[in-house]
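Visitor: Got a predicted structure plus its sequence, pasted below:
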Amino acid sequence: MAAVTSPLRACRGLLKELRIAKGSGYRNTLAYKHVLEQFRRNQVTERSRYHARGERTPEQVAGLVGLRLPTQPGGKGWET
């Protein structure tokens, strides 16, 4: 989850520095509007984050949840 909060934290940090530098009227500055516009334009959407990856193999899905698929004795299948 660190990657999700990182851009938001950076945006808040920039806006905090701008507020300290400009005072109470910082929301009317071009810098404030530019920072917000750029962060809104470049934010990752839910669709591109979760739905645009395509289908995963069962091995990949098992790895995501911390499991391993069992291996068959003697190779790939049950054949002898």
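Guide: Yes, it's here.
Visitor: which residues touch residue 64?
Guide: Applying CB atoms under 8 Å, 6 or more residues apart in numbering, we find residue 64 in contact with residue 56. C-beta here means a position set from N, CA and C on the backbone, and glycine is covered the same way.
Visitor: Kindly report the same for the one 4 residues further on.
Guide: With contacts defined as CB under 8 Å, 6+ apart, residue 68 is in contact with residue 62.
Visitor: can we see that at 10 Å?
Guide: 59, 62 (CB atoms under 10 Å, 6 or more residues apart in numbering).
Visitor: what residues does the helix or strand harbouring residue 34 touch?
Guide: Following DSSP states H and E, one finds residue 34 within helix 30-41. Contacts to helix 30-41, defined as CB under 10 Å, 6+ apart, come from residues 7-8, 10-12, 14-15, 17-19, 21-22, 25-27, 29.
Visitor: And that helix, what's buried?
Guide: 32, 35, 39 (16 or more other CB atoms under 10 Å).
Visitor: pLDDT check: weakest of the residues you listed?
Guide: On pLDDT alone, residue 39 ranks lowest of these, at 88.
Visitor: Flag the helix or strand of this protein with the lowest per-element mean pLDDT.
Guide: Ranking every helix and strand in the chain by mean pLDDT, DSSP states H and E puts helix 46 at the bottom, with a mean of 64.
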